[in-house]
Structure formats: structure tokens, C-alpha cells
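J.: below are the sequence and a predicted model; questions follow.
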Number of protein chains: 2
Amino acid sequence: MADIRTVAAAAGVSIATVSRVLKTPDVVTKATRDKVMAAVEATGYRPNALASGLRRAKSDNIVVVVPFIQNPFFSGVIQGIEGVAFAEGYQVLLGESQNDQARLDSYAAMLRSKTADGLILLGAALPSQVPDKTPLVMACEYFPDHRIPAIRIDNEAAAKLATEHLIGLGHKRIGKIAGPHDNQLSQDRIAGYRAALTAAGLAYDEKLVVEGDFDVESGHAAMSRLLDLPEPPTAVFSASDEMAIGALKAAREHGKRVPDDLSLIGFDGIRYGDFCDPPLTTVVQPNVEIGAAAARLMIGILKGGDIPAEDIVLPASLLVRQSTGPAK
Amino acid sequence: MADIRTVAAAAGVSIATVSRVLKTPDVVTKATRDKVMAAVEATGYRPNALASGLRRAKSDNIVVVVPFIQNPFFSGVIQGIEGVAFAEGYQVLLGESQNDQARLDSYAAMLRSKTADGLILLGAALPSQVPDKTPLVMACEYFPDHRIPAIRIDNEAAAKLATEHLIGLGHKRIGKIAGPHDNQLSQDRIAGYRAALTAAGLAYDEKLVVEGDFDVESGHAAMSRLLDLPEPPTAVFSASDEMAIGALKAAREHGKRVPDDLSLIGFDGIRYGDFCDPPLTTVVQPNVEIGAAAARLMIGILKGGDIPAEDIVLPASLLVRQSTGPAK
DNA sequence: TTGTACGCGTTATCAA
DNA sequence: TTGATAACGCGTACAA
């Protein structure tokens, strides 16, 4: 309602002074500052963000593009981003890509139209056009050959950890439900799985590695195939909790008791893993912290900080619940 | 990069014409239109949303405030909102209130600063200040005595449906895990539960109604109390799936088999209900559609449509899975 | 149908 | 320390 002129008139100062009181209070006398603040209170004045943004060439918006909003793992990342953005005076503009390039591009275009200042990507896809100097940060996913800063865990080490847990329980035939083969995280997790096997003197058997797409249904299908093998595994490492949930269902359908007949470990640490029967042992990614770190990095870049040469790697941890047990 | 002047120069027209080609193509000759569009393509010009917004006094942003981003039921609502907003050329600005009034107020203040044009509320709390004519829509929750348009289901009827399902299975002692007593939805669901009992000639027993707060842990505690009763219920209706998930755990701990010893029905229809053991019978709220309808309503209001006098009530449905069975 | 020119509400520059 | 004023980029009334 009230614009800056009203406030200036009410306080008996120029509009420039009002602006200064709000943006750089230090350069203003306490006396005039108080006068102006009183007028601001009285009128309920709020600077017009559009005008301010136009002048400063900044929107203070950050676009966050997520493949699927309903994915609980991503929800945590988004929560982390929102927390930092809110504290730092930025707004989160949420977009769902649905793995659709046009949608992703459309959200990325918001940078060109000044609708937003920066872009945080939660999926593995990149916009068609990424001009140099685009403020872009990836959360969770990354591309080894692009120079895009990413916040993530060490997926290979985390997968190694999971596999070692199974090996430590005495398992020798350990299956793997992998993510899509063209996904870097999937590859890293397979590498970690393989490394752990090799270190333990266990053979890597391709037949024990089945590909899924990170979703529940694919986990169900993958576990079915593993259990239909002539020599099924006694333990399975899934590259996502979602797939592990599907796998649990498949195990039940095959009459396998978890963990008595079959151990299962997931990946991600989504809340619902705790409510499965049995509760799911898993590798916990600090997803909220990943989001927070991504937001901090983005805001740093927007404030003129430079882009780190190395990814920021956060620690993942093993959460042992009841879906894993000793081999018989 | 390229601003409107560059495009105008490249096309050999005035900046006004460029603007017209983009906003009101009909009033421009096809010849000049083509000329301008070619220049737009060539320069990669995108109108500055800040400048446009300032001039039009619109940001085309809609703030969506949700109590907790990680709640999967809300995620669906947000997805519905995003879908419609995207299609209609609006942006979704996501905020988490964390049931904190200051946070909610802060997001609501974005309307005054023109950061956003409208506000969609997913929780039951209202901003401290809601000036008349504020474009405000509620999704799921509502206040009977305020004149705030809401998109929701008929909670009483839905709760009646759930309770009738249990009655139809022969249950006589039906417990209820309710939501917070100061919440309208909780009250409606209790009313529906009570109506069903009464219609079936069953007594309403206060001892069988235990209050939770919609979250897992409270459902666990509530079910424990119900099962510790001298005469525990043979069936329980939970006012949320989250509480039902906690209740399932409590039932297991009490050595009750579901549904053989105890039937359990939830409310909301979150995805994870299908992965419980046993899969959860529940009342499905069309959460994505609720979000979509809320966005449509909001956009209609922003475009000058008037506020409907009545809430928009969407149909809920019973989804029978395996957590409910015949009374013995 | 097209161009000129003003104003949207700020912030930043420059002078005082 | 404060004030006058230009400029941010666009949309639109008005004139041509």
C-alpha cells in the first residue's frame, strides 16, 4: 500500500534516506533513523521487492528443480534448502521436472528472465542451455566431467560400507539391486559394492547385479529376479530405500523371511524405512544437510563468492535396524 | 543479457512494438510480428520479469506455506499446485511454517512486498494479519467461521465411511485415534465416526477415543493406550495414516496380529501405507487434485474472478487393503 | 498499426 | 550525513 514517498513525507526526509535506513542503517544518524523507522511502522511500509529487484538486478529467488516432489528423500533436501534460504532472506521457487527436459529448461529459463538468481538441481539432468557463469549447484547428483559444483556424499565409500556390513555378517552371496546404469551414483555404488567384495576375497558375479530405476516397483521386480536365480543370494544391497521396500515385498512373496532367510540393506535413509517390517537397515544420507549446504553454497556464489573447485562431500553413515542378520 | 532495446534495434522497430508482439500479438501486423520474433530468437531475449512485474504490479508468484515439507501427504498437494501453476505461467514459492507463527507471518508478508500475489495455506494456522481482499486459499484445512475459500474433502462423511467399513466387518468395539481436539478436521472425523456408530446402534464410548497429533509417534502411544484398556477395541480408526503406521507398530509390540486380532484403518492415502505389513486400509484423500484445485482457484482469484461462497469439496474414497478384516 | 514518452518504486550516484 | 535525480526494463496512454 504505502510506498516509499508516503514514508518519506511522514518522516520529513527524502526517499533516499528512507531507503538508506532500511538497507544501510549505519550511514544514517540515529535520530533520523528512529524518525524513519517510526514512519515505517506507522504506515506499515514494505519495500516493493519487484522495484528493488529491478534496480539491483536481483530477485533473491532460488529455483529448486526436483524430479518428483513426492519423493521423500528429495523432500528432505528441499527442507534443508528452505531453511537456509529463509534465514538468509532468499525465496525458494520450487519446480518439478518430472524427468521432462522441457520442464527443466523452462525452470532454467527463469534465470534469463531474472525471475530467479540461481538454480539448484536435485536430479541428474542438466538444462539444454547452461551458459558460462550460470549460478548452478547440484545436490546429491553430480557429473565428474562437468565443472558444476555439487554437494553430495561419497557414494562409493558408502556402498562399500553397506556391503562390508553384509560381509561382516558372514554373507558370501551378496546380490545388488542397482540404479540405472547411466547414472553416476549407481555406478559409484556398484563400484563400492565391488570394492568391498574384492577386498574380502569374494568374486563379483554379474548375475547377482540387477538394474532398477530407484523406484519401488523396480525394486520388487529386481528382487524377484534375484530370488528366482538357481543360487539366490543370502543378502541383497539395494541402491535406494524405495527399491528396498519393493524388494521386501518380493521377498515376502517368495516366502523368504527377512532377516532370517535373507538380509536386505537399503540406501538413503528415508523415514519410512523405520516402519517397514522388519525396519530397514540402510545407509543414511544427510539429505537435509545436503540441501542446507547446497543453499549456502548457492548464496555464497550469488554474493560474489567463487565456485569451489571440488565438490562438497558430506558423511554418510550406516544405520543398522532389523533387516540384516547373520548368514546361516 | 539482451534487453528489449537490442531486440527493437535488431528488428528495426520500437521497443513498444516488441513488447506488443510478446504480450498482445493480435494488434501487430504479421509482417512486423515475424520480424520481431526473428530478432527475439536471434538475441535470445527474455523479458525481465522484475520490470514487467513492477509495471503490472504483479509477480506471478504464489506462496505455498506448508507446516512440514517432509510430510508426504502435503507433498502431493504441493505437486498438484505446481502442476497447475506451471501450466498457467505462475511460479510456486515454497515456505515451511514449522508451526511457527513468525515463519508463517514472514511468508504472508510477501504479499505486501509484492514478492508474491497470492497465498495458499496447507496447515490449519492463519497469519496474524490477514487484510481484507487478501488472495488466500486453504487446502485441506478450513475454518467454518472465516470467509476463507478452501479446497477439501467432506471429512465427516469420509470418517463415517471408514467407520462403516469396520462396522460392516462385524466390529462392535471400535476405537478411534483422533487428531488434536482443536483441529477442525479432527472434530469432523470424530463426528463422522460417532455418526456411524449411532446409526448402527453402537454406543459412543469416550474411553475408546484417544488423541494424537497426526504424527507417527503419537499414533504409537495412542494405540498402546487403547490396547492397555481392560476391554480393548477389536478395530481402530486412525485419523491419519502416519498415526496408523505408529499404531501398527504398537499392535505388534502388544502381540496383536493385524487384521486377525485387530483391524486398523487409516486416513489420507499416503503411498507408504501400501508398504506397511499388512498394507493399510485407508481413506484416500485426492491430495494432488486438492492442490490442483487450490491453484486453479487462486489463479482465478488473481485474474479477477470472485471468491466462491462455498468451499470446494472433493470426493474421498475407501481403499481396502489388508489391515482390516472380519471381527471374530 | 506503430512510435513517443511517461511512470511503476526502488537504489545508487553525485553534490551539497 | 542528507537530498535531488537518474536509471533499472517494461507496459501503455496517447499521438501520429
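T.: Thanks, I have it. Note that the structure is predicted; figures quoted are calculated from it, not measured.

J.: C-alpha from now on. contacts and neighbour counts both.
T.: Will do.

J.: kindly report the domain assignment for chain A.
T.: As assigned by automatic domain parsing, chain A contains the domains A:4-47, A:61-153+A:287-314, A:155-285.

J.: read off the pLDDT value for the spatially closest residue to residue A:19 that is not a sequence neighbour.
T.: Nearest non-adjacent residue to residue A:19, counting by CA to CA, 6 or more residues apart in numbering or on different chains: residue A:4, 7.8 Å away. Predicted confidence (pLDDT) for residue A:4: 93.

J.: again, but for the one 4 residues further on
T.: For residue A:8, the model assigns a pLDDT of 95.

J.: phi, psi for it please.
T.: Dihedral pair for residue A:8: phi -60, psi -40, per degrees, to the nearest 10.

J.: residues in contact with it?
T.: Listed by CA atoms under 8 Å, 6 or more residues apart in numbering or on different chains, the contact partners of residue A:8 are A:14, A:15, A:17, A:18, A:36, A:39.

J.: repeat that with 10 Å
T.: A:14, A:15, A:16, A:17, A:18, A:19, A:35, A:36, A:39, A:40 (CA atoms under 10 Å, 6 or more residues apart in numbering or on different chains).

J.: and the residue in the stretch 101-250 of chain A positioned nearest to chain B, what element?
T.: Relative to chain B, the nearest point of the stretch 101-250 of chain A is residue A:113 (4.8 Å; CA to the nearest CA). Assigned by DSSP states H and E, residue A:113 belongs to no helix or strand.

J.: does it really touch residue A:61, like I thought?
T.: No. The criterion here is CA atoms under 10 Å, and residue A:113 misses it with residue A:61 at 11.9 Å.

J.: neighbour-wise, which of the two wins?
T.: More crowded of residue A:113 and residue A:61, by other CA atoms under 10 Å in any protein chain shown: residue A:61, with 22 against 18.

J.: so that one makes contact with residue B:116?
T.: No. Counting by CA under 10 Å, residue A:61 does not reach residue B:116; the two are 11.4 Å apart.

J.: common neighbours of these two, please.
T.: Shared contacts of residue A:61 and residue B:116 (CA under 10 Å, 6+ apart): residue B:93.

J.: does residue A:194 touch residue A:163 like I think?
T.: Yes. Between residue A:194 and residue A:163 there is a contact under CA under 10 Å: 8.6 Å.

J.: which one's more surrounded, these two?
T.: Neighbour tally, residue A:194 and residue A:163, criterion other CA under 10 Å: the higher count belongs to residue A:163, 27 against 21.

J.: next helix or strand past the helix or strand encompassing that one?
T.: Element membership for residue A:163, per DSSP H and E: helix A:155-168. Per DSSP H and E, the first helix or strand lying C-terminal to helix A:155-168 is strand A:174-178.

J.: now do the helices in the stretch 51-200 of chain A.
T.: A:72-88, A:101-108, A:155-168, A:184-199 (DSSP state H, counting those that start in this stretch).

J.: state the mean pLDDT of stretch A:204-217.
T.: Taken as a whole, stretch A:204-217 has a mean pLDDT of 97.

J.: buried ones in it?
T.: A:204, A:208, A:209, A:210, A:211, A:212, A:213, A:214, A:215, A:216, A:217 (16 or more other CA atoms under 10 Å in any protein chain shown).

J.: is the nearest residue to residue A:246 once chain neighbours are set aside in a helix, a strand, or coil?
T.: Once flanking residues are discounted, residue A:246 sits nearest to residue A:220: 4.1 Å by CA to CA, 6+ apart. Recorded secondary structure, residue A:220: helix (DSSP: H, G, I helix; E, B strand; the rest coil).

J.: how many other residues sit next to residue A:220?
T.: Neighbourhood size, residue A:220 [other CA under 10 Å]: 23.

J.: nearest to DNA strand D: which residue in the stretch 101-250 of chain A?
T.: Here the stretch 101-250 of chain A gets closest to DNA strand D at one residue, residue A:113, 7.7 Å apart by CA to the nearest atom of the strand.

J.: name all residues that make contact with that residue.
T.: Residue A:113 sits next to B:1, B:45, B:46, B:47, B:48, B:49, B:50, B:51, B:52 when contact means CA under 10 Å, 6+ apart.

J.: can you add secondary structure and give those residues back as a markdown table?
T.: Below are the contacts of residue A:113 laid out as a markdown table (three-state DSSP):
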| residue | secondary structure |
| --- | --- |
| B:1 | coil |
| B:45 | coil |
| B:46 | coil |
| B:47 | coil |
| B:48 | coil |
| B:49 | helix |
| B:50 | helix |
| B:51 | helix |
| B:52 | helix |
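
J.: the residues you listed also near chain A: which ones?
T.: Filtering those for proximity to chain A by CA under 10 Å from any CA of the partner chain leaves B:1, B:45, B:46, B:47, B:48, B:49, B:50, B:51, B:52.

J.: check what pLDDT the third one gets.
T.: So the one you mean is residue B:46. 95.

J.: surely it and residue B:6 touch.
T.: No. Using CA under 10 Å, residue B:46 is not in contact with residue B:6; the gap is 11.4 Å.

J.: the two: which is more packed in?
T.: Higher neighbour count among residue B:46 and residue B:6: residue B:46, with 19 against 16, using other CA under 10 Å.

J.: now that one: how far from DNA strand D?
T.: Counting by CA to the nearest atom of the strand, to the nearest Å, the gap from residue B:46 to DNA strand D is 6 Å.

J.: ditto for residue A:83
T.: Taking CA to the nearest atom of the strand, one finds residue A:83 at 30 Å from DNA strand D.

J.: what about that residue, how many neighbours?
T.: 18.
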